[in-house]
Each structure stands twice: as C-alpha cells, then as structure tokens.
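J.: Pasted the sequence and its predicted model underneath.
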Amino acid sequence: MAVIALAAMAALSSLAARAQEQAQAAPAAASAASAPDIATLPAVRVKAAAPQESPTGPVNGYKAKRATTATKTDTPLKDTPLSISVLTRDLIVDQGATNVQDALNYAAGVRPDAYGLDSRTDSIRVRGGYPDEYLDGLRKNFDWYTSNARTEPFTLERIELLRGPAAMLYGQGTVGGVVNMVSKRPQADAQGEIGVQLGSWSRKQVQADLTGPLTANGEWLYRLIAVGRDADTQVDHVRDDRALFAPSITWKPSAATALTLQALSQRDRTGSTSQFFPWAGTVAPNPNGQIPTHTFIGDPDWDRYNTDRDFIGYLFEHKFSETLTLRQNLRYTKTEVDYRSLYGDSFSTPGGWGADPVNQRLLGRYAYGQLNHTKLFTVDQNLLARFDTGPVQHEVLGGLDFARYQKSSAGAFEDSSTVPLIDVYNPVYPAYTPPAFGPAAKSTQTQVGLYLQDQLRFARHWLVTLGLRHDRARNVSEGGGLNGVDDAQNHQATTKRVGLLYASPIGVSPYVSYSESFTPVANIGGVAFKPLRGKQWEVGVKAEPFDGLSLNVAAFDVREVNQVVEVTPGDYQQLNETEASGFEVDLKAQLSRSVDLIGSYTYTDLDVKLEQMPRHQASVWGKWKLGSLGVAGVSLGAGVRYLSDYRDGAAPTVPSLALLDAMVAWENARWRAALNVANLTDKVYVASCGNRGDCWYGARRNVVGTVSYRW
C-alpha cells in the first residue's frame, strides 16, 4: 500500500506540474500558432520492460520461469538441460498443502506418500530413489527421519524438485535428486498476513507473516513468521502440534551487496501414524474385517515423536562487477528427537499374525526408541564469472562446500517375544514397562567438496553444461562401529555432469544429459557398507511456444550399485547394480486470465530387486476464477490423482486408486477465505505394502478452512 500511495502522489505531482507548465506556456503557444512554419513531431511511445522474475522471490501464479537448484545460478528453466519442477507459493496455497509431502502431490516423477500418512517425515520417492532435502541450497540433514524435523510449508516461497543424480553440485546424495525448499525472505514492500485455520482432526492453527523495510531508505529489511498449531490426526492418541518462530533480516548497503540473516526455532509434538499393520486386514482378507484406519496399537503413555529444531545462518552475495559475483551460504542447525513407538510385528511371519494365525486379532509388537541429538554445520561458497571467448558465452561457477554432522544417539529395543500382544480390533492399553535406553553412541560425518561448472552458449541457440566435482567424506563412529567398537571410514569420489540443449527459435528445446551420484553409507546395525554410486542418462524436450504454456517431457535411465535394503527389521543388505527407467510429462498452462492448469504423467519401471512403486501415475489440477462470470473474487479448484496397482515382491497387490481434491476460495485486496478438501470422497486406501510384511494407510478426507487478512 505504501508503494501505491507513493505512486499516486507522484502522479498527482506530475499532473500538477504539467498543468502549471501548460498555463505558463499558453501565451507563447497562442503567439506561435500564428507562425507559418511550425512543424509537429510524431508521438513517441515508451514501453517499460517487465521486471525479471527472481528465482527466490514471489511468483504470480503457478508457472515459474527461473530457478537456481539445477545449476546454483539464476537460469531460465527452458535453458536447463535437466528435469526440474517448481512449486510456487500460489500453488501451495491454492492446494491447501499442510506439509511438504502434500505440496508434492501433483509433481511429475514423485511418489509423495511412499509410506502413506506418516506424521514423522515427508515420505517422498523420485524415480525409485529417496531425494535429499535442502533448504536454501544447504543440506537439511544427513540422516534418517529419526534425526530430522519436518519443514513448515508456511515458511516457504517455493519448492524446487531436481530429479536425478546431483552430486556434481551437491556432493553426496542419492539418485532420487534434490528437493530444495526456498525460504520466504525479507521484502522491500511493507506487507503482512495473519490467518486462522480450522480443520479435520480438531485442527486449530494460527499463522502470521510480516515483512517490509526497517529503515526509510530500504537498507535494512525484515521478516517475521510464526505458526502455532494444536491438532490431532486420523490415528487415535497421535497428535500434530507445532510452535514455530522464524525471523530474518536483510542488509543491503548497496545494489551490489546483500546479506540475509536467518533463524528458526521449531517445536513439534506428535507421534507415529504409521502402525505397521499386517497384509491381512489391510489389502488382504481378514476374518474380522478391515483394520480401522484410526487404530492405534502403541502405548499412549510411551509413544511419541517429539522434535526440537533450531538454526541460525546467513545468505550473502556481493557483485564485484556485472561479470563477477561472490556468494556464501552458511547455516548451523541443532536438532533433538525423542522417538518412541510400539509398532506391529508384521515381519516375524511376513504379513503378520504369527502369534494368532487363525483368529488374526492378536498382534505382536516391537518396542523401539531413539533419543537423538544432532548438530549440523554446513557452508557453501562460490564465485560466478560471466565472460566471452570469441563467439562463445561462458557462465563459470567455481565453489567449495563443507559440512560437519555430529550425532549422539541412545537406543531402546525389545522384540515381540517380550512385548504384550494387543487385540487390533479392540485395543486395550495395559500398563507396560518399556525398555531402558542404552548408552549414547556418538558419530561424526564430514564432507568437503570442490566443484567447477561452465554453462556455455554458442551459435545463439546451443547450450552446453559441463561440471566436475571431487568429494572427500569421513564417517567416524565412537562405540557404534563394527562389533560395537570405534570405527572410521574414509571415502572420496569424483563426479561429473554433461548436458546439451538446443533452444530453438520456436520455443521447443530438445536436450540430453548425463549425471552421477555418490553416497557414503555409515555403519548400520554394526555392519560396514560400501558407498552407493549412481549414474543417469536423460533425454527430453522443453517447450514454451508462448508465455502461458510450459511443457517438459523427459525419459530417463538410472543405474545404481550398492543400494542398501532392509530385508527384515535390523537386517540390511547391499545390492549389486539396480536399474530404474521411465519417462515423465510435466505441464503448466495459463489457458486464460481465468483458468490455470497443471498436469503430470509418470511411468516408472523399477528393478525387481528394488522396493516397488506404481508404474503409472497421473494427476491434473485446475483453478477457475469466476470473475468473468461477474462473481468477483471467487475461484474454484479441483484435481484428481491416479496411481496404478503394484506389487512389491511377495506382498499382495496394492490396488489402483484415484483421489479427488477440491477448493473454493474468495478474496479481495485484504481478505482471503478458502476451504480445501483433500480426498474428497473419503476413500479408505492402502498407500503401500512392503515385501517384508507391513502396510501403511493413506490419508483420509481432510478438510481445512483458512481465513487470512493481508495488508
């Protein structure tokens, strides 16, 4: 509003000045009118160019044009010879995503609910792998979900998904790629939002987002984000509470320099909605019927998944000139996780019910606990140089990144032979003495990587990306290594990336790329493992024939060696070469000023040795603004998500399913009210079943109403 007011004042001032000039010039004009040889010049129209979209700032609508995740540079998506999707803030809000997993429901190549409704983590699989999570280009975690905290989507400006190996820029990581979440940052225009959410499972949430200048000249900017939530889940005795505060400050002493300080304090109090139910009673028949989705078979007094996460860091950039830029991003994170769970023994006898094979009511349980304290320091600095060598334009990026991850972990475990059985169809929670936690084992993981990338453009339309990186990694276990003794592992790897793209004048750009991955594997269960190595070939076409349409089609082949699989709880093995192949279609279109559309199709063919997932996935989401019908401010949204049936090894077939989502919203300059419904028909479904014997339910119908006031 301040900008609008200033613009209005400037316009009024300009009009007043022009009126005064015209009044003063009137006599002279009248005299000049009688002169015989006065020539009138033709009018000149000046059209201002639209400001270039920021790859980290707000985007109007669903279609972003630029991103940084694939190259660590500000590069148009149409010029990137890799498969990347951007989920904008508008899309996240319109779809009513309450977590990052939900935000990825309509992204190509993604299985966002690989383990169904999971209150502990965002269960995401991409091209058969598990992508690494990054926040503002820095790794969020090195470990399992038992040492992590979920990211709050209200704090994010966008989510960028880079599919396929990305070791050349990010170091150790999987073939699944990178999910890079971009934080909201301080803005130069004063604005704010406060909102309230009410929804299913007694959800009550308040949220606030305030930003603007701290000084009149805009040298200092600020942003404050806060979230408070009190909620249950569809599973009895499992909560979903959160308290979060995220301040940030930007200092811009000149147009060439910017420093953004970031901090976050987050407290989550929840449990495990994953109960690890047997095949019979979920996807297979059981004489007692299907296990209700709300069933909790843990111990209400012991089960929990509580996380405390705090971080502080900064994002720095300085432009020495138009051709040379220095960047450094740094963050220190401290996380504490208290995880305790009694979960179903579906493994001793694959498919469950080993303790009650006839009646199939009494289920054995495991007791599992982890008290984890982690510290992660990570820093990435690089120098970007733009220059020409004859007819070839170069954008060269050279960088060095470093990470140090320290973990202290105390565990507790008791197998199903000593934990009391429970009647799954009529659970009663007797007094139970859980196992004691053992002494904490400590481990340290460090990584240092040196990388060099060159993005070349020649003959106007040809673009080549070349990249090379060398990593050194060291894992040290104190008392947690092989046979419980101290252990140290040193690994190093050189990885590369090559990409070629032809940016045709008609907006259709075919491309081909090759990339690699490298993942050291720490000791698991007292066993040392070899590093994972992966490689991928990708061929695709990007099309932007006009401004409102973006289409990306990609075919891929991924190979990996030494992948670790859990055969039974606590029993891990490494595989020889495994393969995943398939293709994806990713569409974003603005059909008119009133209609926005996104769609995707994914075909994935996984090696039989890998944990399986649906071969076919498809989704489409559309939003229709009713202003063209004279209904101001009202919009309707609807989407459908389809997954084909599939089978993982000896597990029963998980049926195919289609889920419907819907949205209705009203907004004006100040207010927004929206109602989002996920799984509109309240379909009861099993999201996945594993070969080892367990199944996970998907999310039931979830209704969330939001009212926000903005200024």
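T.: Sure, I can see it. Residues are numbered from 1 along each chain as shown.

J.: Could you give the average pLDDT over stretch 502-510?
T.: Across stretch 502-510, pLDDT averages out at 96.

J.: Using PDB, list the CA coordinates for that stretch.
T.: C-alpha atoms of stretch 502-510 as PDB (Å, rounded to 0.1, in the frame of the first residue of the first chain):
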ATOM      1  CA  TYR A 502      19.200 -26.600 -28.400                       C
ATOM      2  CA  ALA A 503      17.000 -23.600 -27.700                       C
ATOM      3  CA  SER A 504      15.100 -23.300 -31.000                       C
ATOM      4  CA  PRO A 505      13.500 -20.000 -32.100                       C
ATOM      5  CA  ILE A 506      10.000 -21.600 -31.900                       C
ATOM      6  CA  GLY A 507      10.300 -22.300 -28.200                       C
ATOM      7  CA  VAL A 508      10.900 -26.000 -28.400                       C
ATOM      8  CA  SER A 509      14.200 -27.200 -26.800                       C
ATOM      9  CA  PRO A 510      15.400 -30.800 -27.000                       C
END
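
J.: all strands for the stretch 301-450 of the chain, in order.
T.: Along the stretch 301-450 of the chain, counting by DSSP state E, counting those that start in this stretch, strands occupy 304-319, 324-344, 362-363, 365-389, 392-414, 422-423, 441-458.

J.: between those strands, which one is nearest to residue 560?
T.: Proximity to residue 560 (Cβ to Cβ) singles out strand 441-458 among the strands of the stretch 301-450 of the chain, at 19.3 Å. Quick note: C-beta positions are derived from backbone N, CA and C, even for glycine.

J.: Could I get the contacting residues of residue 705?
T.: Residues in contact with residue 705 (Cβ atoms under 8 Å, 6 or more residues apart in numbering) are 197, 198, 199, 673, 674, 675, 676.

J.: how about stretch 668-678: buried residues?
T.: Residues of stretch 668-678 classed as buried by neighbour count (16 or more other Cβ atoms under 10 Å): 672, 674, 676, 677, 678.

J.: Among those, which lie within strands?
T.: If you go by DSSP state E, the buried residues of stretch 668-678 have 672, 674, 676, 677, 678 in strands.

J.: now these in TSV, with pLDDT?
T.: What follows is these, written out as TSV (pLDDT from 0 to 100):
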residue	pLDDT
672	98
674	98
676	98
677	98
678	98
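
J.: Pipe those into CSV and attach distance to residue 572 per row.
T.: Formatted as CSV, those follow (distance: Cβ to Cβ, whole Å):
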residue, distance to residue 572
672, 48
674, 45
676, 40
677, 40
678, 35
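
J.: Kindly indicate which of the residues you listed lies nearest residue 351.
T.: Using Cβ to Cβ, the shortest approach to residue 351 within these belongs to residue 678, at 29.7 Å.

J.: what's around the residue nearest to the closest one when sequence neighbours are not counted, how many residues?
T.: The shortest distance from residue 678 to any non-neighbouring residue, by Cβ to Cβ, 6 or more residues apart in numbering, is to residue 702 (4.6 Å). Other residues lying near residue 702 total 22 when counted by other Cβ atoms under 10 Å.

J.: My guess is residue 702 contacts residue 675. True?
T.: No - applying Cβ atoms under 8 Å as the test, residue 702 and residue 675 come out as separate, 11.6 Å apart.

J.: I'd say residue 274 and residue 121 touch.
T.: No - the pair residue 274 / residue 121 is not scored as a contact, 9.6 Å apart, by Cβ under 8 Å.

J.: quick one: low-confidence parts of the stretch 451-600 of the chain?
T.: 479-486, 522-526, 567-570 (pLDDT under 70).

J.: Mind doing that once more with 90?
T.: For the stretch 451-600 of the chain, the stretches flagged by pLDDT under 90 are 475, 477-489, 519-532, 546-548, 562-576.

J.: Show the residue spans covered by the strands in it.
T.: Under the criterion DSSP E, counting those that start in this stretch, the stretch 451-600 of the chain contains strands at 462-478, 487-502, 508-519, 532-543, 549-561, 564-568, 571-574, 578-590, 595-606.

J.: Now the first one: buried residues?
T.: Within strand 462-478, the residues scored as buried using 16+ other Cβ under 10 Å are 463, 465, 466, 467, 469, 471, 473, 474, 475, 476, 477.

J.: Adjacent strands (with direction) for that strand?
T.: strand 441-458 (antiparallel), strand 487-502 (antiparallel) (DSSP bridges).

J.: Distance from the last one to the middle of the chain?
T.: In this case it means strand 487-502. Here strand 487-502 is found 23 Å from its chain centre; the criterion is Cα atoms, centre = their mean, to the nearest Å.

J.: same deal with stretch 645-655?
T.: Averaging C-alpha positions (Cα atoms, centre = their mean) puts stretch 645-655 27 Å from its chain's average.

J.: So for it, mean pLDDT?
T.: Stretch 645-655 comes out at a mean pLDDT of 97.

J.: Now do the closest residue to residue 578 other than its chain neighbours against residue 514, distance only.
T.: Nearest residue to residue 578 in three dimensions, chain neighbours excluded: residue 607, at 4.3 Å (Cβ to Cβ, 6+ apart). Distance, residue 607 to residue 514, using Cβ to Cβ, to the nearest Å: 20 Å.

J.: In stretch 179-199, which residues are buried?
T.: For stretch 179-199, burial by neighbour count (16+ other Cβ under 10 Å) applies to 179-187, 191, 193, 195, 197, 199.

J.: again with stretch 233-246
T.: Buried residues in stretch 233-246 (16+ other Cβ under 10 Å): 233, 234, 235, 237, 238, 239, 240, 241, 242, 244, 246.

J.: tell me which of the residues you listed is nearest to residue 655?
T.: Of all the buried residues of stretch 233-246, residue 234 has the smallest distance to residue 655: 19.6 Å, by Cβ to Cβ.

J.: How many neighbouring residues does the closest residue to the closest one other than its chain neighbours have?
T.: Nearest residue to residue 234 in three dimensions, chain neighbours excluded: residue 700, at 5.0 Å (Cβ to Cβ, 6+ apart). If you count neighbours by other Cβ under 10 Å, residue 700 ends up with 18.

J.: Residue 389 now?
T.: Residue 389, neighbours per other Cβ under 10 Å, totals 9.

J.: Residue 398 now?
T.: 14.

J.: and it, bridged to which residues?
T.: Residue 398 has these beta-bridge partners by DSSP bridges: residue 383, residue 452.

J.: quick revisit: identify the farthest-apart pair in the contacts of residue 705.
T.: For those, the farthest-apart pair by Cβ to Cβ is 199 and 673; their separation is 13.6 Å.

J.: part of a helix, is residue 168?
T.: Yes - assessed by DSSP: H, G, I helix; E, B strand; the rest coil, residue 168 belongs to a helix.

J.: mind checking how far it is from residue 514?
T.: 10 Å.

J.: Can you work out which residues contact both of those two?
T.: By Cβ under 8 Å, 6+ apart, residue 168 and residue 514 have these common neighbours: 496, 497.

J.: per-residue confidence at residue 19?
T.: 34.

J.: For the closest residue in space to residue 650 that isn't next to it in sequence, give me its contacts.
T.: Spatial nearest neighbour of residue 650, excluding adjacent residues (Cβ to Cβ, 6+ apart): residue 691 at 5.7 Å. Shown in contact with residue 691 (Cβ under 8 Å, 6+ apart): 350, 611, 648, 649, 650, 651.

J.: at 10 Å what do you get?
T.: Residues in contact with residue 691 (Cβ atoms under 10 Å, 6 or more residues apart in numbering) are 350, 565, 567, 611, 612, 647, 648, 649, 650, 651.

J.: From those, list just the buried residues.
T.: Using 16+ other Cβ under 10 Å, the buried members of the contacts of residue 691 are 350, 611, 612, 648, 651.

J.: any idea which of the residues you listed is closest to residue 446?
T.: The shortest gap between residue 446 and any of the buried ones among the contacts of residue 691 belongs to residue 611, at 29.7 Å (Cβ to Cβ).
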